[in-house]
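> Provide a 3D model corresponding to the input given below.
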Amino acid sequence: MAQIPSDYVNYKSTPVFTINNIPKMFLHLHNTKAGVYGQINVISGELKFYGFTERRGEIEQTLVIPAGGVAVSPPEYWHKVEFLTDDTSFRVDFFAQKESSIVKENQSERN
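Model (predicted):
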């Protein structure tokens, strides 16, 4: 699993998602933006992460993330998630290089 570089900062987080409010895109193949890492934080239950070699490619990896666990999706990596229990909840924190335009844009939106 990927690691977030030390000069990257959390610039945005999703709300906590459950089986009742998950945006459909998370359950289907999607990827992170260029220069952005997504850190999946499972709060309760279990979530299954699927990583793909490319868009419409073969499954490259699967990972079961338990409550309290995290997984990191690197920039432009195709992936999807699957709820393994009805009580699963999770949040995604997005990280980018602290001097990048995406961090600066999101900081100005917060002010």
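
> what's the helix or strand for the spatially most central residue of the chain?
Centroid-nearest residue in the chain: Gly38, 3.6 Å away (criterion: Cα atoms, centre = their mean). Assigned by DSSP states H and E, Gly38 falls within strand 36-44.

> angle of the lengthiest helix in the chain against strand 36-44?
Selection of the longest helix in the chain by residue count, based on DSSP state H, yields helix 101-110. Inter-element angle recorded for helix 101-110 and strand 36-44: 60 degrees (by axes from the mean of the first three to the mean of the last three Cα atoms, to 10 degrees).

> residues touching the nearest residue to Asn31 once chain neighbours are set aside, list them.
Excluding its sequence neighbours, the residue lying closest to Asn31 (Cβ to Cβ, 6 or more residues apart in numbering) is Trp78, at 4.8 Å. Where C-beta positions appear, they are placed from N, C-alpha and C, glycine not excepted. Contact analysis of Trp78 by Cβ atoms under 8 Å, 6 or more residues apart in numbering lists Leu29, His30, Asn31, Gly51, Phe52, Thr53, Glu54, Arg55, Gly57.

> If we only consider those, which is nearest to Asp7?
Nearest to Asp7 out of the contacts of Trp78 is Asn31 (Cβ to Cβ; 22.0 Å).

> ok, now which ones touch that closest one?
Arg55, Ser73, Glu76, Tyr77, Trp78, His79.

> Now the buried members of those residues.
Ser73, Tyr77, Trp78, His79 (16 or more other Cβ atoms under 10 Å).

> Strands - which of the residues you listed land there?
Ser73, Trp78, His79 (DSSP state E).

> Please produce CSV containing those, extended by pLDDT.
Output for those, formatted as CSV (pLDDT from 0 to 100):
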residue, pLDDT
Ser73, 95
Trp78, 95
His79, 95
